[in-house]
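Visitor: compute the structure for the input listed below.
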Amino acid sequence: MDKHFDYLGKEINVGDNVVFVQLRYRNFMKGTIKKITPHTVLIEHEKTNVSSTETKQHPSQVIKI
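Guide: Numbers count the residues shown, from 1 in each chain. Alright, predicted model coming up:
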């Protein structure tokens, strides 16, 4: 399995808590990595104003906290 790294160069794994920018908005959100694919991470988070509880981002678009 390939390693994936966040914006700051820290290795990320399933279960890690991350900060990311909400899609189509300028809001920061916190979530937990649920799944990692070769090109994206699936982040589980609180419900948003568009009723989503999961978001896909490129690994370089998240910051591990």
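Visitor: now for this structure, the helix or strand with the poorest mean pLDDT.
Guide: strand 54-57 (a mean of 93; mean pLDDT, DSSP states H and E).
Visitor: enumerate the positions of the helix or strand where residue 34 lies that are buried.
Guide: Using DSSP states H and E, the element containing residue 34 is strand 28-36. Neighbour-count burial for strand 28-36, with 16 or more other C-beta atoms under 10 Å as criterion, is recorded at 29, 31, 33, 36. Using the backbone N, CA and C atoms, a C-beta is placed for each residue, glycine as well.
Visitor: packing partners of it?
Guide: Under the contact criterion of 3 or more C-beta pairs under 8 Å, 6 or more residues apart in numbering; DSSP states H and E, strand 28-36 touches strand 17-21, strand 41-45, strand 54-57.
Visitor: as TSV, the buried residues of strand 28-36 with distance to residue 15 and pLDDT would be great.
Guide: Converted to TSV, those look like this (distance: C-beta to C-beta, whole Å; pLDDT from 0 to 100):
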residue	distance to residue 15	pLDDT
29	17	93
31	11	95
33	6	97
36	10	95
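Visitor: out of the residues you listed, which comes closest to residue 12?
Guide: residue 33 (6.2 Å; C-beta to C-beta).
Visitor: and the closest one, how far from residue 64?
Guide: Residue 33 sits 9 Å away from residue 64 when distances are taken as C-beta to C-beta, to the nearest Å.
Visitor: what of residue 57?
Guide: For residue 57, the distance to residue 64 (C-beta to C-beta) stands at 12 Å.
Visitor: cool, thanks, signing off.
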